[in-house]
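**Q** next come a sequence and a model predicted from it.
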Amino acid sequence: MAGLRVLVGVKRVIDYAVKVRVAAGGGGVQTQGVKHSLNPFCEIALEEGVRLRERGAAAEVVAVSVGTRVCQAIDDDCNQTGQLLAAMLDWPQGTFASRVEPEGEWVRVQREVDGGLETLRLRLPAVLTADLRLNEPRYATLPNIMKAKKKPLEVVAASEFLGGGSPPAPPRLRVLKLEEPPPRGGGQRVDDVPALLERLRASGCI
Amino acid sequence: MALRRVLGLGGALGRRSCCSKRPLPPDFVEALRAVVGGPNVSTAMAVCEQHGHDESMHACAPPDAVVWPQAVGQVQELAALCYRCRVPMVPFGTGTGLEGGVNAVQGGVCFDLSRMDAIAELSLEDFSVTVEPGVTRKALNSHLRGTGLWFPVDPGADASLCGMAATGASGTNAVRYGTMRPNVLNLRVVLPDGRLLHTAGPGRQARWAPEGLGCARWGGHVGAHSLPPCRKRAAGYDLTSLFVGSEGTLGFLTQATLRLHPLPEATATTTATFPSVRAAVSCTVQVLQAAVPVARIEFLDEVMVGACSRFSGLELPVAATLLLELHGSQHGLAEQQRQAEEIVRLNGGSSLAWAEEPEERGRLWAMRHSAWYAALALRPGCQGYSTDVCVPISRLPNVVVETKRDLQDSGLTGPMVGHVGDGNFHCLLIFNAQDPAEAQRVHAFAQRLGRRALAAGGTCTGEHGVGLGKRALLLEELGQEGLDTLRRIKAALDPHNLMNPGKVL
């Protein structure tokens, strides 16, 4: 549909393959010197936006991020951002999308749910969130990376959106403590079933 | 045991009997613990057995102990210790080899290098990166995401890159991007006595790239600032090439500097079926002669296609098949596709349906890469043995057709799959190890195939290495002078034959 514009939120996060460790002090996780990448789900969402444009189903894709120069957040793995946004905008939502098909003023979304697949038809504009099965993002090639460096990157101060002058609201969550689960203790070997029962009784398990 | 005898595995060409084992000296394990710490040494049976075999059907030969060094200094200390006490040493990466390269046939200490997993010194301008043995090829390419570069050598398994250097690995992309050999720029080797060698000179590695480009710190170790790799050198004997493919018999490859390549702008993959094996293989030869810069060109015979289709749930016509992939710019790709279609048509091939989305291409290649397991699934409970001959392209059609006939005459299950663009193909022989008659037929067939390849001017092993099973064929291939020269080099670097004894020579 001509004129459909796609806004994709993107964030820089700790690379999914890194073993996350609690930072000294227990106030958060170690981020210094740790590899960061584009959030894989953001990448999938962006890929879907680009494919919609390539198919002619969308006119423009805008990627947006919020924060400092190194915008970073993982929503604490809570999977709430899309849903919160839809509620605030009062727009329909199609989350865990594994297939997206625009149909004029509507969009048909296939969702991955516990029982299998659910298909919804939402009126546009709508908020969608991506499931891993939505697509396999392409790798950026060198010529495209070079071209991307010349593309416009607009930086807008938060105050412009907050009605002139009022500072952004302080965070409403405070992390009190973060700790890793206790290390796994060693196992014990026993020679036969009676010995096993003996041990279980001795430790009060049975 | 009968199988090993039948397949000619007992008795080496070296001084010591292949399977002699001496017990470890007293207090030796304590000394190992003193270097790397208690948790990084194990003599547990299960752990040793896990480290005593790879993906081949060679019987498990567990080492006496397994150690996990965390840094190259520890590898050096451990090696010096083993050297002093004359204890054999076996390097271990991911254990995905196909020739029994990690089997500790003389016992000793297995050095599991997987905990050394630093990716360092990524240079985007010079297209190079250094990796330690714990880095696998998929991990490296994942790390390179977003840089526009990749490392194309793809042997199928998610193998350790240093392990791939040690076996001179190749894969589906070799026809365009080369095997490991031209893509390894420098190696940091720990020699059997513990000394450290940089095959292209110390510090001749990539420049450190800024943090913002998302590099390094994968596991902790960070390389020192050093000079960028230059494009060519004529300084001294080519030690890098000597250690590539040495299969752990000359030293531990604890770090490799690799050549990276730019990602192709556009990629397209397709299958093409042919009325006969000869037609498929001839088509390959013509595609190469037409100088179509094909990125991957793989052959599957009808047995292999049937097995792969069933295993992967794809529905491909059961006939001799080529799996082709083209890389290029948008315009260049269209032209390559036209050329390929024409040549396929000339050879009686089917029409081509090009897959361009990563998901579709991924499915086709996953099907191809699961060939080993698909073949094993043809006869559950049986063992597999893969041949690995490579011949000049001009002789390929005849060799393949003769081999197919030999397979049928011998009554063996042996789906054929191969990197025909390199003249390299594999017969995945699936046989019942408990049946000595069948094992004997497999052995005889493999010997005939090796000799057929040698007679055609080829090699008995294109990419898997010599390992345990092909030492006899190596003599035929190189001749006595060749083998003697190899032995002299080995004796110069490893006079006590402690590095992975019983392999290659």
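**A** Structure's in. What do you need? This structure is a prediction, so every number in the text was calculated from the model and none was measured. Numbers count the residues shown, from 1 in each chain, chains lettered A, B, ... in the order given.
**Q** which pLDDT value goes with the residue most central in space within chain B?
**A** With distances taken as CA atoms, centre = their mean, residue B:169 lies nearest the centre of chain B, 3.3 Å away. Residue B:169 carries a pLDDT score of 93 in this model.
**Q** for it, which residues are in contact?
**A** For residue B:169, the contact set (CB atoms under 8 Å, 6 or more residues apart in numbering or on different chains) comprises B:153, B:155, B:159, B:163, B:179, B:180, B:463. Heads up, the C-betas are built off the backbone N, CA and C, glycines and all.
**Q** please redo it, this time with the cut-off set to 7 Å
**A** Residue B:169 sits next to B:153, B:155, B:159, B:179, B:180, B:463 when contact means CB atoms under 7 Å, 6 or more residues apart in numbering or on different chains.
**Q** just to be sure, it is in a helix?
**A** No - counting by DSSP: H, G, I helix; E, B strand; the rest coil, residue B:169 is not part of a helix but coil.
**Q** related to what we said a few turns ago, next, give me the two most distant ones among the contacts of residue B:169.
**A** B:159 and B:179 (13.2 Å; CB to CB).
**Q** give the closest residue to residue 137 in space, chain neighbours not counted.
**A** No chain in the question, so chain A it is. Once flanking residues are discounted, residue A:137 sits nearest to residue A:47: 3.9 Å by CB to CB, 6 or more residues apart in numbering or on different chains.
**Q** wait, I meant chain B there
**A** residue B:161 (5.7 Å).
**Q** with residue B:284 instead?
**A** residue B:420 (4.4 Å).
**Q** which strands or helices does the one helix or strand the residue nearest to residue A:137 maps to pack on?
**A** When elements are assigned from DSSP states H and E, residue A:47 belongs to helix A:40-55. If you count contacts as 3 or more CB pairs under 7 Å, 6 or more residues apart in numbering or on different chains; DSSP states H and E, helix A:40-55 packs onto strand A:5-9, strand A:60-64, strand A:127-130.
**Q** ok, how many other residues are close to residue B:121?
**A** Per other CB atoms under 10 Å in any protein chain shown, the neighbour tally for residue B:121 reads 26.
**Q** same thing with the one 10 residues further on?
**A** The tally of other residues near residue B:131 (other CB under 10 Å) stands at 28.
**Q** just the pLDDT at it, thanks.
**A** 97.
**Q** helix/strand/coil for the residue nearest to residue A:127 when sequence neighbours are not counted?
**A** Excluding its sequence neighbours, the residue lying closest to residue A:127 (CB to CB, 6+ apart) is residue A:86, at 4.0 Å. Following three-state DSSP, we place residue A:86 in the helix state.
**Q** what segments of the stretch 251-400 of chain B are strands?
**A** Per DSSP state E, counting those that start in this stretch, the stretch 251-400 of chain B carries strands over the ranges B:252-259, B:261-262, B:266-274, B:294-300, B:320-328, B:383-386, B:389-390.
**Q** hey, which of the ones you listed is tucked in deepest?
**A** Mean neighbour count (mean count of other CB atoms under 10 Å in any protein chain shown) peaks for strand B:252-259 among the strands of the stretch 251-400 of chain B, with a mean of 26.
**Q** tally of neighbours for residue B:381?
**A** Residue B:381: 9 neighbours (other CB under 10 Å).
**Q** could you list the low-confidence segments of the stretch 201-350 of chain B?
**A** B:204-231 (pLDDT under 70).
**Q** perfect, that will be all.
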